[in-house]
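*Asks:* coordinates for the following, if possible.
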Amino acid sequence: MTHRVFLCRCEDVTLAEVEHACSLGLSDVEEIKRYTGLGTGPCQGKECIVALVRALAAGGHVDPAAARPFTARPPAEPVTLAELAQLTDASALDDGDEGAA
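*Replies:* Numbering: from 1, shown residues only. This next block holds a predicted model:
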């Protein structure tokens with residue numbers, strides 16, 4: 001059985017994956033997020049940001065005091081297929097810009 005250390009449980013990102021990303025020259029929190037998907041799950045990084053910064057600091061990649069959090073992107077609200085099916089062509093294309101050609 002292999003021993004894996006998960007830094008992001010939502011997206012199953014392991015310490016080994018973060019270390020691999022660092023070996024490729026990525027060391028910024030945002031770069032690691034974009035490369036691995038860490039912090040993009042339901043918790044939006046609330047559970048894994050501390051573990052990531054600790055791992056980066058332990059590897060000498062970042063000063064913990066200088067580490068910046070993830071770029072905030074509010075989660076989109078899910079839309080059901082039934083809601084989409086109820087749209088008319090005009091309402092689907094209406095972007096509030098009636099005068100534009």
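*Asks:* least trustworthy helix or strand in this protein by mean pLDDT?
*Replies:* Using mean pLDDT, DSSP states H and E, the weakest-scoring helix or strand in the chain turns out to be helix 89-93, at a mean of 59.
*Asks:* which SS class is the residue nearest the centre of the chain?
*Replies:* Most central residue of the chain, judged by C-alpha distance to the mean C-alpha position with CA atoms, centre = their mean, is residue 40 at 2.7 Å. Under DSSP: H, G, I helix; E, B strand; the rest coil, residue 40 falls in the coil class.
*Asks:* I'd guessed it sits against residue 33; true?
*Replies:* Yes - the pair residue 40 and residue 33 qualifies as a contact (CB atoms under 8 Å) at a distance of 6.7 Å. Every residue, glycine included, has its C-beta placed from N, CA and C.
*Asks:* now do the same for the residue nearest to the centre of the chain: its pLDDT.
*Replies:* Model confidence at residue 40, given as pLDDT, is 89.
*Asks:* and the strands in the chain?
*Replies:* With DSSP state E as the definition, the chain shows strands at residue ranges 6-8, 13-14.
*Asks:* which residues does the nearest residue to residue 10 once chain neighbours are set aside contact?
*Replies:* Closest residue in space to residue 10, ignoring its immediate chain neighbours: residue 41 at 2.4 Å, by CB to CB, 6 or more residues apart in numbering. Contacts for residue 41 were tallied using CB atoms under 8 Å, 6 or more residues apart in numbering; they are 8, 9, 10, 11.
*Asks:* between those, which is closest to residue 59?
*Replies:* Residue 59 has its nearest neighbour among these in residue 8, at 16.6 Å by CB to CB.
*Asks:* contacting residues for the closest one?
*Replies:* If a contact means CB under 8 Å, 6+ apart, then residue 8 has 36, 37, 38, 39, 41, 47, 48, 51, 52 as its contacts.
*Asks:* figure out how far stretch 58-65 is from the centre of its chain.
*Replies:* How far stretch 58-65 lies from its chain's middle: 20 Å, per CA atoms, centre = their mean, to the nearest Å.
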